[in-house]
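Colleague: Based on what follows, work out the 3D shape:
(one chain, ligands or ions: 2)
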Amino acid sequence: MAILIKNIKELLQVRENGITKVSGSEMAHLPVLKDAWLLTKDNVIAGYGTMDTCPEDADNEVIDATDKTVLPAWCDSHTHIVYAGNREQEFVDRINGLSYEEIANRGGGILNSAKRLNETTEDDLYEQSKARLEEVMQLGTGAVEIKSGYGLTVEGELKMLRVIKRLKQEYPIAIKATFLGAHAFPTQYKENHTGYIDLIVNEMLPAIAKENLADYIDAFCETGYFSVEETERIMEAGKQYGLKAKIHVNQFTAIDGIAACVKHNALSVDHLEIVTDEDIEALKNSDTMPVALPTCSFFISIPYTPARKMLNAGLPLALATDFNPGTTPSGNMNLVVATACIKMKMTPEEAINAGTINGAYAMGLTETHGSITIGKQANLIITQPLTSYYQLPYAFGSNLIENVIISGRKI
Ligand code: NIG
Ligand code: FE
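Modeller: Numbering: from 1, shown residues only. Ligands and ions are numbered 1, 2, ... in the order given. Below you'll find the model as predicted:
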């Protein structure tokens, strides 16, 4: 199957060379081809160019993109799409003055979601999760990472990861699975941290590896959750099974977790609402991608990741949704990109780079996703007619997407 898209007003993120990520001042540059065509063949991008070189229509399906923008589908490198029920009561409790921490301390938060998940069947969990996956695909996401972490028991974590595996099998979108057993301490292990980490290391990880259910390992490295030392033990255990780390860190406090993640060669460090000069130094010249989650900051009213400071220091940055029932019940990457522009003062070029090529890097998909490059997956967003791509973050409340193509198929 082939699709020829013609008369594209602006074809964004065209990269001929095998560039894997963009950092610092490079992020201000978004390569654009004007008056362009693009050809997909089967599931990949087969060619592109300016209209003076446009191939014959032949056997292709033809899409006329006059006045429209085409860009690579979003790469959302941090989500918790698999969960049971919701936490709308906690949302109202926060409106009425409680903080995220206060809600967690009285048994809400992650433990609330874990209770619901363990009461939900695997089939029901799959049905609830697939509806969210379909929604984000419609919103232009073409690759997604999904975490476990609401089981917190051997069976619960396996249930979540089996649901993710089933989603991988049933949908054309690229999915990476991350094991997040170290998301919170279950109540019975509140005073016995070593006991719970032993359970993760000695029982959960071997069972997960046996069924080949995870690509990465994660931990919530935070005051009141997993200490830096505990997080290091999790990263080391993951390494034994070939699982690179992607770590929740610096969401509420800076406790030197970022340096530990860099030391363990983590693929990404995520959240980073609170960032110190030492954290920035630790990230310099490393292969670890910092990931910001601005719609989490928006939803629970916490600081935004200091993007300008990080880019000025030469660091790369990726953007992701954090789609989860507690801190970000939204998987809309368009809103993430707009929020990064509005609240983090990223330019549209920087934000689009962060949501495509750098997002692909942050989930190990940079070879196949995140840019318009021959041979990469044909994962494309075709917009409605736009005056320019600035309209994407500018009209932050509108859905300007007309068509989404994932692996060469219209969604
Ligand atoms: O990324 N911070 C840790 N984990 C999730 C939220 C978990 C929850 O509240 O359910 C996050 O924000
Ligand atoms: Fe998260």
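
Colleague: going forward, measure contacts and count neighbours with C-alpha atoms only.
Modeller: Fine.

Colleague: Going by neighbour count, which residues of the helix or strand of the chain with the lowest mean pLDDT are buried?
Modeller: Ranked by mean pLDDT, DSSP states H and E, the weakest helix or strand in the chain is helix 100-105, scoring a mean of 91. Judged by neighbour count using 16 or more other Cα atoms under 10 Å, the buried positions of helix 100-105 are Y100, I103.

Colleague: Just the CA trace of it, in PDB.
Modeller: Taking Å, rounded to 0.1, in the frame of the first residue of the first chain, the C-alpha atoms of helix 100-105 are listed here in PDB:
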ATOM      1  CA  TYR A 100      -1.000  15.800  46.200                       C
ATOM      2  CA  GLU A 101       1.200  14.900  49.200                       C
ATOM      3  CA  GLU A 102      -1.700  15.200  51.700                       C
ATOM      4  CA  ILE A 103      -3.900  13.000  49.500                       C
ATOM      5  CA  ALA A 104      -1.200  10.400  49.100                       C
ATOM      6  CA  ASN A 105      -0.500  10.400  52.900                       C
END
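
Colleague: Report the distance from it to the chain centre.
Modeller: Centroid separation between helix 100-105 and its chain, computed with Cα atoms, centre = their mean, to the nearest Å, is 25 Å.

Colleague: Whichever helix or strand comes after it and ligand 1 in contact?
Modeller: For helix 100-105, the succeeding helix or strand toward the C-terminus, using DSSP states H and E, is helix 110-118. Yes - applying Cα under 6 Å from any ligand atom, one finds helix 110-118 touching ligand 1 at I110.

Colleague: Sort out which residues of helix 110-118 are buried, please.
Modeller: I110, L111, N112, S113, A114, K115, L117, N118.

Colleague: what does the host helix or strand of A143 rub up against?
Modeller: Using DSSP H and E, A143 sits within strand 141-147. Residues from elsewhere that reach strand 141-147 (Cα atoms under 8 Å, 6 or more residues apart in numbering): 73-82, 161, 164, 173-180, 333, 360, 363, 369, 379-380, 406.

Colleague: In strands, which of these appear?
Modeller: W74, C75, D76, A174, I175, K176, A177, T178, F179, L180, L380, I406 (DSSP state E).

Colleague: residues in the chain within reach of ligand 1, list them.
Modeller: Residues of the chain lying near ligand 1 (Cα under 6 Å from any ligand atom): G109, I110, F220, D322, N324, P325, G326, T327.

Colleague: Could you double-check that the second one sits in contact with A184?
Modeller: Yes - here I110 lies in contact with A184, judged by Cα atoms under 8 Å, at a distance of 6.8 Å.

Colleague: burial count for N17?
Modeller: 8 (other Cα atoms under 10 Å).

Colleague: and it, helix, strand or coil?
Modeller: Under DSSP: H, G, I helix; E, B strand; the rest coil, N17 falls in the coil class.

Colleague: Tell me the pLDDT of it.
Modeller: Turning to N17, the model gives it a pLDDT of 79.

Colleague: contacting residues for it?
Modeller: Contacts of N17 by Cα under 8 Å, 6+ apart: none found.

Colleague: Run through the residues that contact E61.
Modeller: Counted by Cα under 8 Å, 6+ apart, E61 has contacts A2, I3, L4.

Colleague: wait, which of those is closest to L213?
Modeller: Closest approach between those and L213, by Cα to Cα: A2, at 32.9 Å.

Colleague: burial of the residue lying closest to the closest one once chain neighbours are set aside, as a residue count?
Modeller: By the measure of Cα to Cα, 6 or more residues apart in numbering, the closest residue to A2 outside its immediate chain neighbours is K41, 4.4 Å from it. Other residues lying near K41 total 18 when counted by other Cα under 10 Å.

Colleague: Would you check that K41 makes contact with I5?
Modeller: No - counting by Cα under 8 Å, K41 does not reach I5; the two are 11.7 Å apart.

Colleague: who does V291 bridge with?
Modeller: D270, A318 (DSSP bridges).

Colleague: can you list the residues that contact the least confident helix or strand of the chain?
Modeller: Contacts for helix 100-105 (Cα under 8 Å, 6+ apart): E90, R94, G109, I110, L111, I300.

Colleague: In this protein, where is pLDDT below threshold?
Modeller: Filtered on pLDDT under 70, the chain yields no residues whatsoever.

Colleague: Need the phi and psi values for the residue of it found nearest ligand 1.
Modeller: Per Cα to the nearest ligand atom, G326 is where the chain lies closest to ligand 1, at 3.7 Å. Per-residue torsions, G326: phi -100, psi -50 (degrees, to the nearest 10).

Colleague: So what's the residue count around it?
Modeller: 22.

Colleague: if I pick it, what's in contact with it?
Modeller: Per Cα under 8 Å, 6+ apart, neighbours of G326: N86, R87, E90, F91, G109, I110.

Colleague: what about stretch 17-36, start to end distance?
Modeller: Using Cα to Cα, to the nearest Å, one end of stretch 17-36 lies 19 Å from the other.

Colleague: residues of that stretch that come out buried?
Modeller: Applying 16+ other Cα under 10 Å to stretch 17-36 flags 20-24, 26-28, 30, 32-33, 35-36 as buried.

Colleague: Same list, those residues, but as a markdown table with distance to K130 and secondary structure please.
Modeller: Conversion of the buried residues of stretch 17-36 to a markdown table gives the following (distance: Cα to Cα, whole Å; DSSP: H, G, I helix; E, B strand; the rest coil):
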| residue | distance to K130 | secondary structure |
| --- | --- | --- |
| T20 | 30 | coil |
| K21 | 30 | coil |
| V22 | 32 | coil |
| S23 | 34 | strand |
| G24 | 36 | helix |
| E26 | 36 | helix |
| M27 | 33 | helix |
| A28 | 35 | helix |
| L30 | 33 | coil |
| V32 | 34 | strand |
| L33 | 35 | strand |
| D35 | 37 | strand |
| A36 | 35 | strand |
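
Colleague: ok, those vs I280, which is closest?
Modeller: G24 (12.2 Å).

Colleague: just checking, the closest one touches A318?
Modeller: No - assessed by Cα under 8 Å, G24 is found out of contact with A318, at 11.6 Å.

Colleague: how far away is the residue nearest the centre of the chain from A174?
Modeller: What sits nearest the mean C-alpha location of the chain, by Cα atoms, centre = their mean, is S77, with 2.2 Å. Distance, S77 to A174, using Cα to Cα: 11 Å.
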